[in-house]
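Participant: what's the 3D shape of this:
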Amino acid sequence: MKINHQAFITAWENQKLVRGAIKCAHVRQDYTNYEDFLQEGLLIYAQILTEQVNLPRKEVDRLSFRKVLWHTVDLLRQDKRHNEQQTSLVTRQEISQISHWDNLITLQKEVTKMSALEQQIFVQHLLLQKPVSQLASELKVSRVQLQRVKKNLLQNLRVILER
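Facilitator: This next block holds a predicted model:
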């Protein structure tokens, strides 16, 4: 998309056309993306001025108005779809968190019953994803012993959470 300098200057001087198209799309000036829509509209208007040199100015303005209007409507639809997806994603996350409350309460009770080594494995390795070899060197325990304790811990947690 190449825009010549004179077409951009003309579009900038005739912002009223672009603002009118945005207003026709029912976008108020206090809308958060209004300035973005204005910039996009000015670029579209300048592009049409560059491409349609042979058409009379009145025809170019009418074509530009429609194109800016429909582009703004498309941007509004994209924004609406994006917001709906974000809302449904947050709702799904909240529902999944609520369904795990029982498990969370059970795990909190079990953590207090664990040995210090099991608590370290549970927090550092299972929750914070720290590698077993790094955890073994920090706790000064062999990796094999840490793996064995981890295996027993996971079996116990499985039994407890299945109840």
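Participant: nearest residue to residue 133 other than its sequence neighbours?
Facilitator: Closest residue in space to residue 133, ignoring its immediate chain neighbours: residue 143 at 5.7 Å, by C-beta to C-beta, 6 or more residues apart in numbering. (C-beta placed from N, C-alpha, C; glycine too.)
Participant: that neighbour: what's it in contact with?
Facilitator: Contacts for residue 143 (C-beta atoms under 8 Å, 6 or more residues apart in numbering) come out as 132-133, 136.
Participant: how about residue 139?
Facilitator: By C-beta under 8 Å, 6+ apart, the neighbours of residue 139 are 117, 120, 146.
Participant: cool, and residue 15?
Facilitator: Residues near residue 15 by C-beta under 8 Å, 6+ apart: 38, 42.
Participant: neighbours around the closest residue to residue 145 other than its chain neighbours, how many?
Facilitator: Leaving out its chain neighbours, the residue that sits closest to residue 145 by C-beta to C-beta, 6+ apart is residue 136, at 7.9 Å. Residues within reach of residue 136, counting by other C-beta atoms under 10 Å, total 18.
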